[in-house]
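>>> Need coordinates for the following:
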Amino acid sequence: MAKYTITMSCGHTDTVELFGREKDRQRKIEYFEEQGLCKECYKKEMQAQVEKEGLVFNASVLPSISESDGDFLIYVWFSGNTMPHKEEIKALGGYKWEECQAASNLLSLKYEPCWGKTVKFQNLKEEIEKAKSIGAKEKFEKGLFASANYEMALKNKEKWQANKEQIDAIPKPITPEIVKDHYWNGRIYGKSGNYCVYLDNKKTPITDEQEKEITAYLTAKEEYAKKVDEIKKA
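As a prediction, this is how the structure comes out:
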């Protein structure tokens with residue numbers, strides 16, 4: 001490695017570190033002299049490109065899905081001239097300055113921060129309209145990486161649907177009326193003839209018959225959860 005002071009194509013000098021064989025270094029020096037820019041000119045050119053691009057709202061499908069309803073998950077983020085719109089983006093709700101989860105970034109191990117968040121596909125149209133309201137142009141990620149993400153998401157969705165059909169076929173335990181629609185910690189206190197539960201943080205006496213019903217419900221609920229867990233792990 002060696003440091004070289006080079007007069008760039010912009011007319012300004014800059015110091016760069018070069019590695020490799022002497023002829024390779026010389027080739028890089030010639031490139032900098034003919035096409036290279038000093039650090040300040042490079043920053044100005046990048047800023048000019050960003051300003052010309054404007055504010056862009058991007059969307060990319062993620063390989064995972066929503067476990068609650070099987071919907072596709074979409075990563076949305078802003079690129080381009082985001083600095084003047086920072087507060088507007090934050091006001092849209094949920095956006096954070098974070099590592100961009102675009103398919104092209106994740107699968108190519110490229111690190112690039114952005115204002116982004118994850119939404120369900122069913123909410124994507126709403127996000128697009130919100131982005132347009134602050135002057136953003138929409139852009140959807142395409143290409144090999146995006147296609148790979150979509151294929152993985154589709155497989156996950158198909159598996160989720162198959163699991164759901166199996167889970168729906170399992171009879172769900174019926175919640176006893178006495179605890180239904182109440183906040184309850186799932187515990188029974190006392191002994192025969194003096195049982196109670198706490199509903200909505202209030203002590204509530206129950207009969208021996210109700211204790212048996214609730215105990216049977218808790219056992220059935222535990223068995224149901226195990227069956228569901230087995231299906232999801234399969």
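>>> What distance do you get for the most centrally placed residue in the chain to W77?
Centroid-nearest residue in the chain: T118, 4.0 Å away (criterion: C-alpha atoms, centre = their mean). T118 sits 10 Å away from W77, going by C-beta to C-beta, to the nearest Å. No exception for glycine: its C-beta is placed from N, CA and C like everyone else's.
>>> any residues in contact with both of these two?
Common neighbours of T118 and W77, using C-beta atoms under 8 Å, 6 or more residues apart in numbering, are Q101.
>>> T7 contacts G36, doesn't it?
No - using C-beta atoms under 8 Å as the test, T7 is too far from G36 to be in contact (9.4 Å).
>>> In terms of neighbours, single out the busier of the two.
G36 (20 against 14; other C-beta atoms under 10 Å).
>>> Would you mind measuring from the more buried one to T118?
39 Å.
>>> cool, and K28?
41 Å.
>>> could you point out which element follows the worst-scoring helix or strand of the chain on mean pLDDT?
Averaged element by element with mean pLDDT, DSSP states H and E, the chain has its least confident helix or strand at helix 103-107 (a mean of 72). Using DSSP states H and E, the helix or strand that follows helix 103-107 in sequence is strand 113-120.
>>> starting at the chain centroid, how far to that following strand?
6 Å (C-alpha atoms, centre = their mean, to the nearest Å).
>>> That one pairs with which strands, and in what direction?
strand 72-80 (antiparallel), strand 96-99 (antiparallel) (DSSP bridges).
>>> Can you list the neighbours in contact with the next helix or strand after it?
Elements were assigned by DSSP H and E; along the chain past strand 113-120, the next helix or strand is helix 124-132. Applying C-beta under 8 Å, 6+ apart, the contact partners of helix 124-132 are F57, A59, I74, V76, F78, L92, V119, E138.
>>> do that again at 6 Å, thanks
F57, I74, V76, L92, V119, E138 (C-beta atoms under 6 Å, 6 or more residues apart in numbering).
>>> out of those residues, who has the most neighbours?
V76 (27 neighbours).
>>> okay, now the nearest residue to that residue once chain neighbours are set aside: neighbour count?
In space, and not counting its chain neighbours, V76 is closest to A59: 5.0 Å by C-beta to C-beta, 6 or more residues apart in numbering. Per other C-beta under 10 Å, the neighbour tally for A59 reads 20.
>>> and what of Q122?
Residues near Q122, counting by other C-beta under 10 Å: 12.
>>> quick one, phi/psi of the residue of the chain most remote from its centre?
Most distant from the centre of the chain: G193, at 52.4 Å, with distances by C-alpha atoms, centre = their mean. Main-chain dihedrals, G193, degrees, to the nearest 10: phi 90, psi -10.
>>> per-residue confidence at it?
Note on G193: pLDDT of 95.
>>> Now do it against V16, distance only.
87 Å.
>>> same check, this time on R27
13 Å.
>>> More neighbours: these two, which one.
Under the criterion of other C-beta under 10 Å, the comparison of R27 against V16 puts V16 first, with 17 against 12.
>>> what secondary structure does that one sit in?
Following DSSP: H, G, I helix; E, B strand; the rest coil, V16 is assigned to strand.
>>> The spatially closest residue to E67 that is not a sequence neighbour: which element?
Nearest non-adjacent residue to E67, counting by C-beta to C-beta, 6+ apart: W160, 7.2 Å away. Under the criterion DSSP H and E, the helix or strand holding W160 is helix 144-168.
>>> following that helix, which helix or strand comes up?
strand 195-199.
>>> So what touches that next one?
Looking at what lies outside strand 195-199 - C-beta under 6 Å, 6+ apart - the contacts are H182, W184, I188, Y189, G190, K203, T204, P205, I206, E211.
>>> Thanks again, I'm all set now.
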